[in-house]
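1. Take this sequence and fold it.
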Amino acid sequence: MKPEPIEARYLPQVIEEYKGNPLIEALPPIYAGYEVSKLLTVDPGYNEGEREFDQRYRFHCISRLFRYFQPLETHIDIEQRVSRAIRQGYVSKSPVTPDYASTLAQGSQAIREKNIAAYSMNSTASGFTIIGMSGVGKTTAMDKVLSLYPQQILHTQYKGEPLFFTQLLWAKIDCPFDGSLKGLCLSFFAYVDRVMGTTYSKKFSADRMTVDAALPRMAQIATTHCLGLLVIDEIQHLSMAKSGGSEKMLNFFVTLVNTIGVPVVLIGTTKAMSVLQSEFRQARRGSGQGDLLWDRMQNDLSWEIMLRAMWKNQWTRHRTPLTAELKDVLYDESQGIIDIAVKLYAMAQMKAIADGTEVITPETIREVAAEKLRLVRPMLNALRSGDRKKLFMYEDIKPISVEDYLAAQAGRIAGDAPLGRDEILSLEEQAILKLLEMDIPAKAARSAVKKAIGKSVSAQPLAAVVKKAFKIALNMETSVNPSEPDEQGDDLRKAAGYENLKELGFVTETADEF
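-> Got it, this is the predicted structure:
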C-alpha cells in the first residue's frame, strides 16, 4: 500500500534564492542543531515498577532497547547535510519557471534517441558519501533523518494559481544483491512504483535494456516527480565483476549525478572504498559538502552521554549504577560500535535475570561478549590493536543474533535450555554423560546420541535428545540380544537407573508406565 502524500504548506524563506520556489517553500523549516537532537531522540519508555515483573515479562521489556535512539553530533551533521543538499538541488528546478517544461521535453527526446549525452541537467545538486564499518549506525541515522521530511507533498495551488503535482521529496534504495548496475536502476523504478503508484518497472524493465538506456529514464522520472534526494545504501554490494570493473562503476555514479541532476547520497561499508576513490569525490557537484567517514565512537564524553541515556533502561531487580569500570568494559568489548554495545547491554541484563544474580557486573558483560562475539572477535581484536593491516582483512562485521541468546536464557529460566547452532557439540557431550549415568555402554551411548541429533542444527532441548538417544540405545541392545526381549522390562530399573528416568520424564510412578 503506497503512502499518502501530505498537503503542501508554504513557509516564508529567509534565504533569497529559496524564495518563490514552491518545492523549497513546502519543506519543513531549517532546524537548529538542538531541534534536530530533540526530534531524533527515541525513548522507548521505561517504568521503574517493571523491574518487579516476572522474569518472562522483563525479557519482553528488554527488547525495547533496540528501539532506543540517542542522537549524537554525527546525526546532527547528517541532518544538516541533507537539509542543504535537498534545498540546493531544488534551487535551479522550480516548476513555476519555463525551464522546468523544457527539461521534461529534453528528457523525453533523450529517451527516444537512447542518447544519455543529450540529457544534461543544469543542476546545483550537492550530494555526499557516508562510509563506515557495519554497526556504527549509518543506515539507522539516515532513516531517522529522512523521517523528519515527508516523502510526498501534494501541491494543488501556489500563490493563487493552480499547480497540481505530487513532489517526491526523497527516495532510498538498497543496492541489489546481484551486484549489477542494471539491477540498481531497476530497483529505482520499482521503488518509485511502490511509493507513487506508477508502473515504470513494467515500462522500462526490458531484458535488453542497458545501463546507458536506463539513466535517461531515471532522470526523466526524477524530473517528473521533482525528486529532491536519492539515497543509495549498501553500495558495497555492487560487484566489480558484474558491473564491469571499478572504473565503470565510478563513471556510472559520476554520470548518475550529472544526468539526473539530483543530490545523491551513497552509503556503504569500508569495502566500498575501492570504488569511491578520490576521483569520484573530486567529480561530485558540491559546495563543500564533503564526504563523511564514520568511525566508531571513542571512549570520551560522547560515549558516556550515550551510555548514560541508555543505562536508565534497566530491568534487573537491583539497579546497577554506571561506573567508570562498566563504561570502560563495555567500550573494550564493543570497541565503540553502537550496535554491539546496545546488544551487549541487553544480553547482559538477560544473563543477570536468568542466573538470578539480578546485577550487571563487568564480569557479566565479559562473559556475554566471550559467548556471543566469537565471530567478530578477530575484527574487534584488530580494532583494539589499531593495526590497519589487520583491519583491511575485515570488510564487515557479522550481525549478532540476540534472539538466539534470548531463547537460551529463557530456556534456563524454564529449567531446560535449548542450545543454539554453535552449541551442538556441548549438547552431544551432555547427552552422552546422561546415558553413561544410566549405565549405557560408552560406545553405544555415543552412537545413539549421534543418531538422535542427526544432521539437525536447530535448537533442541537436552531432555528430548536424551530420551530419543535412550530409546535408540535400548533398541541397539535388543538387536544384539534378540533372544532376551522379555527381560528388558524387568531389567529396566537396573540398566538405566529409576531416578534418572523419572527426572527425564520417562516414568511417573511405575516403570511399567514407561
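2. C-alpha only now, for contacts and for neighbours.
-> OK.
3. For the strand or helix carrying L266, list every residue counted as buried.
-> With elements taken from DSSP states H and E, the one containing L266 is strand 264-268. By neighbour count with 16 or more other Cα atoms under 10 Å, strand 264-268 contains the buried residues 264-268.
4. Flag the least confident of these.
-> Lowest pLDDT among the buried residues of strand 264-268: G268, with 86.
5. which residues are contacting the strand or helix carrying L186?
-> According to DSSP H and E, L186 maps onto helix 181-196. In this structure, residues lying in contact with helix 181-196 by Cα atoms under 8 Å, 6 or more residues apart in numbering are 1-3, 171, 173-176, 198-201, 204-205, 210-211, 214-215, 218, 238, 242-243, 249.
6. Show me how far it is from its chain's centre.
-> Taking Cα atoms, centre = their mean, to the nearest Å, one finds the center of helix 181-196 at 21 Å from the center of the full chain.
7. now could you export just the CA positions of that helix as PDB?
-> Written as PDB, here are the backbone C-alpha positions of helix 181-196 (Å, rounded to 0.1, in the frame of the first residue of the first chain):
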ATOM      1  CA  LEU A 181      24.400  -1.600 -12.000                       C
ATOM      2  CA  LYS A 182      21.400  -2.500 -14.200                       C
ATOM      3  CA  GLY A 183      19.800  -4.100 -11.100                       C
ATOM      4  CA  LEU A 184      20.400  -0.900  -9.300                       C
ATOM      5  CA  CYS A 185      18.400   1.000 -12.000                       C
ATOM      6  CA  LEU A 186      15.600  -1.500 -11.900                       C
ATOM      7  CA  SER A 187      15.500  -1.100  -8.100                       C
ATOM      8  CA  PHE A 188      14.900   2.600  -8.600                       C
ATOM      9  CA  PHE A 189      12.000   2.000 -10.900                       C
ATOM     10  CA  ALA A 190      10.400  -0.500  -8.500                       C
ATOM     11  CA  TYR A 191      10.900   1.900  -5.600                       C
ATOM     12  CA  VAL A 192       9.200   4.800  -7.300                       C
ATOM     13  CA  ASP A 193       6.300   2.500  -8.300                       C
ATOM     14  CA  ARG A 194       5.800   1.400  -4.800                       C
ATOM     15  CA  VAL A 195       5.800   4.900  -3.400                       C
ATOM     16  CA  MET A 196       4.000   6.800  -6.200                       C
END
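8. residues of it that come out buried?
-> Those would be 181-193, 195-196, for helix 181-196 by 16+ other Cα under 10 Å.
9. what's the distance between A354 and D174?
-> When Cα to Cα, to the nearest Å is applied, the distance between A354 and D174 equals 39 Å.
10. Between those two, which has more neighbouring residues?
-> Regarding A354 and D174, a neighbour count based on other Cα atoms under 10 Å identifies A354 as having more, with 22 against 18.
11. So I173 lies in a strand, does it not?
-> Yes - using DSSP: H, G, I helix; E, B strand; the rest coil, the assignment for I173 is a strand.
12. Next, find the distance separating it from P321.
-> Using Cα to Cα, one gets 42 Å for the distance from I173 to P321.
13. quick one: which of the two has more around it?
-> Set side by side, I173 and P321 show more neighbours around I173, with 18 against 14, by other Cα under 10 Å.
14. does the more buried one have beta-bridge partners, and which?
-> Residues found in beta-bridge contact with I173 (criterion: DSSP bridges) are I232.
15. I'd guessed P5 sits against Q151; true?
-> Yes - under the criterion of Cα atoms under 8 Å, P5 makes contact with Q151 at 7.2 Å.
16. so where's the stretch 401-514 of the chain shaky on pLDDT?
-> 401-426, 437-439, 455-459, 477-514 (pLDDT under 70).
17. How about the chain?
-> Within the chain, the set of residues satisfying pLDDT under 70 comprises 1-2, 100-125, 206-207, 239-247, 274-290, 387-426, 437-439, 455-459, 477-514.
18. For E325, which three-state class applies?
-> Of the three states, E325 takes helix according to three-state DSSP.
19. Residue numbering should commence at 56 henceforth.
-> Yep, numbering from 56; the last one is E380 now.
20. measure it to R432 for me?
-> Relative to R432, E380 is positioned 21 Å away (criterion: Cα to Cα).
21. Between these two, which has more neighbouring residues?
-> When E380 and R432 are compared on other Cα under 10 Å, the one with more neighbours turns out to be R432, at 16 against 11.
22. just checking, G391 touches N354?
-> Yes - in this structure, G391 sits in contact with N354. The criterion is Cα under 8 Å, and the distance is 7.1 Å.
23. So between the two, which is more surrounded?
-> More neighbours sit around G391 than around the other of G391 and N354, counting by other Cα under 10 Å; the figures are 21 against 15.
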